[in-house]
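Student: Sequence first, predicted model second:
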Amino acid sequence: MLIRLSGGKTIDPTRSMEPIAEDLWIEGDRIAVPPADGRPADLVQDVSGHVLMAGAIDIHTHIAGGKVNLGRLLSARDHREHVEAAPAPGLRGGSGLTTPSTFTTGYRYAAMGYTAAFEPAMVASNARAAQIEMTDVPILDKGAYVMLGNEEFLLQRLASGAAQSEINDYVAWMIGATAARAVKVVNAGGISAFKFNARSLGIDEPGPRHGVTPRTILRTLARAVHELGVPHPLHVHGNNLGVPGNIETTLATIDAVEGYPLHLTHAQFHSYGTEGKRHFSSAAPRLAEAINTNRNVSLDVGQIVFGDTMTESGDTQAQFRNRRHAVPDKWISMDIECDGGCGLVPFRYRDRNFVNALQWAIGLELFLLVKDPWRIFLTTDHPNGGPFTSYPQIARLLMDRGNRVECLAAISAAARKASVLGGIEREYSLSEIAVMTRAGPARSLGLGDHGRLSAGAFADVVVYRQGSDMEAMLREPVSVLKRGTEVARAGKVLTSVAGATQVVRPGYDRQIEKRLRRFFGDHMSLAFDHFALRADEIAEAGGRVEEQLCRAETGRP
C-alpha cells in the first residue's frame, strides 16, 4: 500500500535542524520517494498543523532478564496498584508501573511514540532467557548489551597478559553467543571484587583475586569493541556509582580508554562532588566540560524523577551499600555463575530530601550543559531513576525554562542553593529533542534504517499535534506507525506487531573456542555446547532477528 501523509512538517535532524514542510510517502514498511510516475496514494491522511518525527529509541532501559523478573517479584504492590486491561481486542493485559510486565512495556512505549528500546545489562549466562523474554515485548525493535568486565575468563586472561587479539576474539564470540547488540561494563572488576569481600574498587586499584585494575579492563574492552567494528561504543557503568566524590573516577574512566569510543551510562549517578557541609555536591559542570572536550565520549543521563521505584543493577557493590535506604525494607543480592552479579533495592526519591533533590538537579544540569545533543541521550536508567513513562515530563523541563524554575522552587532549599540549574538559560528545541531521542541513539547504535524520515528508512513515524504544552504533546501522539502499520492513536494502542531483535555479528578466530571449552568444563555449570544461542532460537520463540555484520577497524580512532 502507498500512503501519503499530507500537509505536515517533518522534523528529521539527519537532514535539517529546521522543520521541513513536505508530504511523507510510505510504501510497505519503508519511507518512499514520491512516485515519479505520478501514481496516486492508496491512502491519504491530512496531517496539516502536525509535526512528524521518527519513532523514538530508548538506548538504555531495563526491560528483560533475571534482574527485571526479580524486580517484578519484589514489587508486588506496584503490580497490584497498576493493573491494565488489554488496550484493544486481541491484545494482552498487564500490570506494574516501575516494573511493568512485558506486553505492557511494549504498549506503553508505543503509545508515547517509542518504537525501539535496548536492554543494557544482559548477563551472558542468562542471555537465552533474556532474549526469549524480549520477544514477548510487542511492537518495539529491541536488543541487548552483554555484560563483560567481571567474568572469570576475562580476568584470568588479562592477569596472564593475553594479547589484545585474543581478547578481541573472546569479545566477538561472546557477542555472537548471546545475540547481543553491544558490550556493557558494570563497575569494571568491582563485581568480582565484591565476591572477595571488597566494598569498593578504585580505577587503578588491583582486584583482590587477579590483580587486574579497572583501568586495564576498560582500556582493553574499549579497544576490542572498536577494533571489532561494533557500532556502539563500550557502554560503561562506572565504578563507585552513587559515591560522593565519584566524579574523579568518572573523569579517570574517560582517561582510561585512551581516546577509544566510550559511552558513559546513567551519568547523573557518576557526577558527584564532596563540597559543602554535607560533603555531597554537583560535579555536573566538570563532567559536561569533559564531554564537550572529548568527542570520543557520549552519555545518557539517568535522570531521576520523584516517587517510588525499583533499583536493579548488576553492581552488587553499589546495591549492597544502598540496601540500608530500601523503601520498603527488603532487598536482593546474588552471584550469577562466574559472569557477574545482581542487586535489587526498592527506593523512594523525595523532592524535600537534599541528596535526592540535588540528584534531580544534577541530571538536568548535565542535559543543559553538554553542548552536543548528538552525544547525550534521554534516559532514566529505567527503572533505577524512575519509570520510562516520565520522559515527556523530562522533555518539558528541558524545553521550558519557566516550568524548570517552577519545579526547582519546590525542591529542598538546600539542594536548590547547591545547584547551578536556576542560572541556566538554555531551552531545548523540538529538533534537539528529536536528536536526543531518535537520530542520536540510532547513529550511536548503528541503526541506519531508524531515527530518520528520509527515503529507505523504516516507516516508524510519529505524528504529533503542535501545541504549547510539550509534555501533553509528547505523551499522547496523534498517531504512531511501526514500519508502516498504525499501532497507536491518541495515546491508545490499537494493534500489535512483532518488533525485530537487533544483533551485531563481529568476526573472530575460532581458535578461541578451544580455550573457552576448557574453561567451561572447569568453571561453569552450563556446558560449552549449550551456552550459545542457536541462530533459530529467537525465531522459534516468535521473534525475528535483524543482523548487522561488523567491519573490523584497524589502528587507533
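Tutor: Right, received. Where do you want to start? Numbers count the residues shown, from 1 in each chain.

Student: what's around residue 17, how many residues?
Tutor: 14 (other C-beta atoms under 10 Å). C-beta coordinates here come from the backbone N, C-alpha and C atoms, glycine included.

Student: Ignore what I typed, I meant residue 472.
Tutor: With other C-beta under 10 Å as criterion, residue 472 counts 13.

Student: What pLDDT is listed against it?
Tutor: As predicted, residue 472 sits at a pLDDT of 95.

Student: Next one: it from residue 487, what distance?
Tutor: Separation of residue 472 from residue 487 (C-beta to C-beta, to the nearest Å) stands at 20 Å.

Student: Helix or strand with the lowest mean pLDDT in this protein?
Tutor: strand 332-336 (a mean of 87; mean pLDDT, DSSP states H and E).

Student: That strand pairs with which strands, and in what direction?
Tutor: strand 340-349 (antiparallel) (DSSP bridges).

Student: helices or strands next to the helix or strand just after the strand it pairs with in the packing?
Tutor: Downstream of strand 340-349, the next assigned helix or strand under DSSP states H and E is helix 354-369. Contact here means 3 or more C-beta pairs under 8 Å, 6 or more residues apart in numbering; DSSP states H and E; on that basis helix 354-369 packs against strand 281-282, helix 284-293, strand 340-349, helix 391-399, helix 413-418.

Student: Provide a list of residues in contact with residue 174.
Tutor: 124, 146, 148, 180 (C-beta atoms under 8 Å, 6 or more residues apart in numbering).

Student: and if we set it to 10 Å?
Tutor: The contact partners of residue 174, taken as C-beta atoms under 10 Å, 6 or more residues apart in numbering, are 124, 127, 146-148, 151, 153-154, 180, 183, 339, 506, 508, 512, 516, 531-532.

Student: Could you tell me the end-to-end distance of stretch 187-204?
Tutor: Terminal residues of stretch 187-204 lie 13 Å apart, using C-alpha to C-alpha, to the nearest Å.

Student: ditto for stretch 541-557
Tutor: Using C-alpha to C-alpha, the span of stretch 541-557 from its first residue to its last is 39 Å.

Student: List the buried residues for it?
Tutor: 543, 545, 548, 550, 553 (16 or more other C-beta atoms under 10 Å).

Student: Repeat that for stretch 472-489.
Tutor: 473-488.

Student: Ends of that stretch, what's the gap?
Tutor: End-to-end distance (C-alpha to C-alpha), stretch 472-489: 14 Å.

Student: just to revisit the earlier point, just send the helices and strands packed on helix 354-369 back as TSV, with mean pLDDT, mean neighbour count and distance to residue 159 too.
Tutor: Shown next, in TSV, are the helices and strands packed on helix 354-369 (pLDDT from 0 to 100; neighbours: other C-beta atoms under 10 Å; distance: least, C-beta to C-beta, whole Å):
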stretch	mean pLDDT	mean neighbour count	distance to residue 159
strand 281-282	98	22	37
helix 284-293	98	19	30
strand 340-349	93	23	18
helix 391-399	98	22	42
helix 413-418	97	17	42
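
Student: so which of those gets nearest residue 175?
Tutor: Relative to residue 175, the nearest member of these by C-beta to C-beta is strand 340-349, separated by 15.8 Å.

Student: Just the C-alpha atoms of that closest one, please, in CSV.
Tutor: Once non-C-alpha atoms are left out, strand 340-349 reads as follows in CSV (Å, rounded to 0.1, in the frame of the first residue of the first chain):
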residue,chain,number,x,y,z
GLY,A,340,28.6,-11.1,37.3
GLY,A,341,26.0,-10.3,40.0
CYS,A,342,22.6,-8.8,40.6
GLY,A,343,21.3,-6.5,43.3
LEU,A,344,17.8,-5.0,43.8
VAL,A,345,16.7,-2.4,46.2
PRO,A,346,13.3,-0.7,46.2
PHE,A,347,13.7,3.1,46.6
ARG,A,348,11.8,6.3,47.0
TYR,A,349,13.1,9.6,45.7
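
Student: Between helix 354-369 and it, find me the angle.
Tutor: Inter-element angle recorded for strand 340-349 and helix 354-369: 100 degrees (by axes from the mean of the first three to the mean of the last three C-alpha atoms, to 10 degrees).
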